[in-house]
Each structure stands twice: as structure tokens, then as C-alpha cells.
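Q: coords please:
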Amino acid sequence: MDGNPVSDSLLQRRIALKLDAGELPRQAPRQRWGGVCRTGHSCQLCGEAIPAGAAEVETEDADGVYRVFHAGCSALLEQVRTAIPA
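A: Model (predicted):
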């Protein structure tokens, strides 16, 4: 996704594991912002770099934790999150 070498199927498995382990919340984020990465950092799903100038999504979860994802990783997370029963 977004130039990310990690396959969607691998990311889907990683998402399910992170949801089951409580590393990612099962509920949708309280807030979500999309934009262009200004400083460069790591995606909190796939672990790959989000370079400055790339599209990113930042979320604030119900517990107040902020997370940053590649735009594609964020979209896949939402697909998996909604497909897995709570």
C-alpha cells in the first residue's frame, strides 16, 4: 500500500493480531485527520517509514492515544476492524 512493500494479506493478519492483543482498539477512532506528512515517521501498523511529503492519516482514539498510519494502512485497518465482530 502506498509504495509499502508489505502485502495486504500480511497486513490483514497483523491487524487481526494487534486487535486481539489490544495493541489497536477495536472501536473506530474518536478523531481522524488526513494530510501530508511534514516530518517523516513510522506507520504504527506496518512499521515502514512515512516519508515527508507522503499521504498520512493521524487518529486520536477514545483512550486519547494518537497514532499515525500510511493512508492505505489506515483504510485497510478500518476494513478489517469493521469485518471482525466486536
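Q: residues near residue 14, how many?
A: Neighbour count of residue 14, defined by other CB atoms under 10 Å: 20. For glycine as for every other residue, the C-beta is placed from the backbone atoms N, C-alpha and C.
Q: May I have the residues that are in contact with it?
A: 45, 46 (CB atoms under 8 Å, 6 or more residues apart in numbering).
Q: mind checking how far residue 33 is from residue 70?
A: 14 Å (CB to CB, to the nearest Å).
Q: so where is the chain shaky, pLDDT-wise?
A: Per-residue confidence for the chain (pLDDT under 70) gives these ranges: 1-6, 86.
Q: quick one, strands of it?
A: Secondary structure of the chain by DSSP state E: the strands cover 31-36, 41-42, 49-50, 55-60, 66-70.
Q: List the neighbouring strands of the first one plus their orientation.
A: Going back to what we said before, that points to strand 31-36. Sheet pairing for strand 31-36, assigned by DSSP bridges, gives strand 55-60 (antiparallel).
Q: what does the partner strand contact?
A: Under CB under 8 Å, 6+ apart, the answer for strand 55-60 is 2, 29-37, 50, 66-71, 74.
Q: gap between that strand and the chain center?
A: Centroid separation between strand 55-60 and its chain, computed with CA atoms, centre = their mean, to the nearest Å, is 8 Å.
Q: now that strand and strand 66-70, what's the angle there?
A: 160 degrees (axes from the mean of the first three to the mean of the last three CA atoms, to 10 degrees).
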